[in-house]
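Engineer: How does the following fold in three dimensions:
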Amino acid sequence: MIDLGLSKLAIIGVVALIVIGPEKLPKVARMAGTLYGRAQRYLHDVKSEVSREIELEELRNLQKNVQEQAQNIKADVENSIQKNVSEVEGAFNFDEASHDATHDTAGDHTSTYHAVATEDQARKAKEFRRKRLVRTSAVPLWYKQRNGARLHVVSGAARVARFRPRNGKPPASFY
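Structural biologist: Residues are numbered from 1 along each chain as shown. From the prediction side, this is the model:
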């Protein structure tokens, strides 16, 4: 910036004292200091914004390079997969007659398997729906009474006393 030495600052101070006067000099000095601080902050903000833009441009270039490399790798993988698939198809290419003969006997087993699998799947789905209905719905009181479900909790001692056989006469005295 500007090369200001001690002697130059002293000369500027003496000229300012003569021109401005001793009463207004402190106020002008504070104003000059705040303006100088604002200028420094503005320059710092501009520098940081420029460096941020440069970094952002570098990141965009890096992203573009990575995407291009990813596209190249994807194309290479697709080409190698196509090549391997064509090799495998060529290796397992056999005549249709022997292929049909072997699959006719296997077809019966697969259809039976599919029928059993679908029945099993339907049974599981029905069971799941029933369990879900039981979990999510409240059982009505009339159903609980009809089927003998407990309506409230009874202790073990109360159940024993309830179902203890009674002879009709009071229990004998201990003495």
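Engineer: Show the average pLDDT along stretch 131-141.
Structural biologist: Confidence for stretch 131-141, expressed as mean pLDDT, is 71.
Engineer: End to end on that stretch, go ahead and measure it.
Structural biologist: By C-alpha to C-alpha, to the nearest Å, the extent of stretch 131-141 from end to end equals 19 Å.
Engineer: Which stretches in this protein count as helices?
Structural biologist: 6-20, 25-91, 96-136, 141-147, 156-163 (DSSP state H).
Engineer: per-stretch mean pLDDT over those helices, give me the minimum one.
Structural biologist: Looking at the helices of the chain, the weakest mean confidence is helix 96-136, a mean of 69.
Engineer: follow-up on the earlier one: I'd like the helices of the chain laid out as a markdown table, including mean neighbour count.
Structural biologist: All C-beta spots, glycine's among them, are computed from the backbone N, C-alpha and C. Shown next, in a markdown table, are the helices of the chain (neighbours: other C-beta atoms under 10 Å):
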| stretch | mean neighbour count |
| --- | --- |
| helix 6-20 | 11 |
| helix 25-91 | 10 |
| helix 96-136 | 10 |
| helix 141-147 | 9 |
| helix 156-163 | 9 |
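Engineer: I'm done for today, thanks for sticking with me.
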